[in-house]
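> just coords:
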């Protein structure tokens, strides 16, 4: 692309590599956040028009409404400064990080890949230099797992690997199986689902199957197959964990979490039992930043009546347990905090439900990130380094959505409206509709797949045949003015 300056790619790589470095000032502030704030004015002056595109604009509007709801809630609840300063700064930093990352990497696969590579390097450095207590006890789950899986996903984008049928699937599947052995159930499930998704995508590309040909019966079979695969994975984990095949820790964890009447989901995420009650008690106005209430904390131990062995320990005394992006936003900020996360869920679903129609080079990484975000929004706490990684993941989703819009016929593509702003020269800003990284929309067949397999094999100079009236003109002939005969074109 025309604005793919090397300095932007270098910055995209270097910024996340220092994610291991943090300072304590109104909570934890990470070095990438300070760098992004420093670059923000420069990016705003040179690439600020990108933020006027509908998707980033909607993100920022919803984040602003989330912040206003949080401020109102904290004023009503009389939240202490130490808590509301962290609650407000979490939303503000997330918005600034998103804006800076969007302007920095959007429209370029190269910069997106460089930023992802920087996250990988930063993840390894965090484990080596500044590991958390959890990483010391479970190194794969809380330290090495995500960087390693992302590294494998980037390797699958390498052409010698990508063009070998099923090899990307096998590599992703291998790290998924190892994640299960290492005691990370969610990471294993997400990696295995990613492998299956990439496999289906490659099969469709190999057979040139038209997505428009998916009948209701095939759609039902697809989802039924997904349910069967998920059930098989769960049964396999239950058998392996209960028999000690995944280690003593996994066996003890499984026994404790599955002992209750409602199965392993409530046992593994018992915070849902409490956060849902907190939401029902105050669904519009939240309970305040870093909401604390001993009554809700005590309710989590009511699960012991249903057979669960509760060993919950709040990070702060009296903190209402949520363990979910969505539920923490709803509990702390009220309804607007929930709407923000619901909108992101819709965006992710739209991308994931259409991504199989193109052999996008970023597909393995985007698929993994999509499944990971779905899990995190529902079942993981938000904050700390996720204020950097989540905005980057959202930017990837927005970029790929625009690639889908430029590659797949409109009648096949359902989803979010995203009109790209166009300057006077007629080319969209951000470059997705003008073929990011040299991928012209006319390089795709009607079914959305590249004409020559991997997108890198396309001829970016290919031009559609000239047409005048209702007839196609022969090669070398271009249409004349209206009402005149066609005239030969220049060779």
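On my side now, so go ahead. Bear in mind that the values here come from a model prediction, so they are computed numbers and not experimental data.

> So what are the sheet partners of the host helix or strand of residue 29 and their directions?
Using DSSP states H and E, residue 29 maps to strand 28-30. In the sheet, strand 28-30 lines up against strand 22-24 (antiparallel) (DSSP bridges).

> mind listing the helices for the stretch 101-250 of the chain?
Using DSSP state H, counting those that start in this stretch, the helices of the stretch 101-250 of the chain run over residues 109-129, 133-137, 139, 145-155, 159-162, 167-181, 185-207, 216-242, 248-257.

> Show me what the first one is packed up against.
With contacts defined as 3 or more C-beta pairs under 8 Å, 6 or more residues apart in numbering; DSSP states H and E, the secondary structure elements packing on helix 109-129 are helix 6-17, helix 81-105, helix 145-155, helix 386-407. For every residue, glycine as well, the C-beta is placed using N, CA and C.

> And the helices of the stretch 101-250 of the chain: which comes nearest residue 379?
Closest approach to residue 379 among those (C-beta to C-beta): helix 185-207, 7.3 Å.

> Which neighbouring elements make contact with the closest one?
The contact analysis (3+ C-beta pairs under 8 Å, 6+ apart) places helix 185-207 against helix 145-155, helix 167-181, helix 216-242, helix 363-379.

> change it to 10 Å
If you count contacts as 3 or more C-beta pairs under 10 Å, 6 or more residues apart in numbering; DSSP states H and E, helix 185-207 packs onto helix 145-155, helix 167-181, helix 216-242, helix 248-257, helix 263-268, helix 363-379.

> what's the most buried one of those?
helix 363-379 (a mean of 23; mean count of other C-beta atoms under 10 Å).

> What residues of the strand holding residue 29 count as buried?
Residues of strand 28-30 classed as buried by neighbour count (16 or more other C-beta atoms under 10 Å): 29-30.

> Serialize the helices and strands packed on helix 109-129 to TSV and add fields for mean pLDDT and distance to residue 353.
Listed next are the helices and strands packed on helix 109-129 as TSV, based on pLDDT from 0 to 100; distance: least, C-beta to C-beta, whole Å:
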stretch	mean pLDDT	distance to residue 353
helix 6-17	94	28
helix 81-105	95	23
helix 145-155	94	20
helix 386-407	92	10
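
> Let me have those helices in TSV, adding distance to residue 27 as columns.
Formatted as TSV, the helices and strands packed on helix 109-129 follow (distance: least, C-beta to C-beta, whole Å):
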stretch	distance to residue 27
helix 6-17	19
helix 81-105	4
helix 145-155	22
helix 386-407	10
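
> how about the ones you listed, which one is nearest residue 33?
Nearest to residue 33 among these is helix 81-105; the distance by C-beta to C-beta comes to 5.5 Å.

> if I look at residue 22, how far off is residue 28?
To residue 28, residue 22 is 5 Å away according to C-beta to C-beta, to the nearest Å.

> sorry, back to before: can you list the helices and strands packed on helix 185-207 in a markdown table and add distance to residue 348?
Formatted as a markdown table, these follow (distance: least, C-beta to C-beta, whole Å):
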| stretch | distance to residue 348 |
| --- | --- |
| helix 145-155 | 17 |
| helix 167-181 | 19 |
| helix 216-242 | 16 |
| helix 248-257 | 26 |
| helix 263-268 | 20 |
| helix 363-379 | 5 |
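
> These: lowest mean pLDDT?
Mean pLDDT is lowest for helix 263-268 among the helices and strands packed on helix 185-207, at a mean of 62.

> ok, then the element right after the strand holding residue 29?
Following strand 28-30 in sequence order, the next helix or strand is helix 31-47 (DSSP H and E).

> mind listing what's buried in that next one?
31-36, 39-40, 43, 47.

> Where does the prediction get shaky in the chain?
Residue ranges of the chain with pLDDT under 70: 1-4, 205-223, 225-226, 230, 234, 247, 254-268, 304, 306-316, 408-491.

> nearest to residue 82, of the helices of the stretch 101-250 of the chain?
Nearest to residue 82, of these and by C-beta to C-beta, is helix 133-137 at 22.2 Å.

> Contacts made by the closest one with the rest, please.
Outside helix 133-137, the residues that touch it by C-beta atoms under 10 Å, 6 or more residues apart in numbering are 126-127, 131, 141-145, 249.

> go again using 6 Å as the cut-off
Contacts to helix 133-137, defined as C-beta atoms under 6 Å, 6 or more residues apart in numbering, come from residues 127, 142-143.

> cool, stretch 146-160 as well?
120, 123-124, 168, 171, 175, 191, 361, 364-365, 368.

> now, of the helices and strands packed on helix 109-129, which is deepest in the fold?
The most buried one of the helices and strands packed on helix 109-129 (mean count of other C-beta under 10 Å) is helix 386-407, showing a mean of 24.

> what's the angle from that one to helix 81-105?
If you take axes from the mean of the first three to the mean of the last three C-alpha atoms, to 10 degrees, helix 386-407 sits at 30 degrees to helix 81-105.

> Who are the packing partners of helix 386-407?
With contacts taken as 3 or more C-beta pairs under 6 Å, 6 or more residues apart in numbering; DSSP states H and E, helix 386-407 sits against helix 81-105, helix 335-354, helix 363-379.
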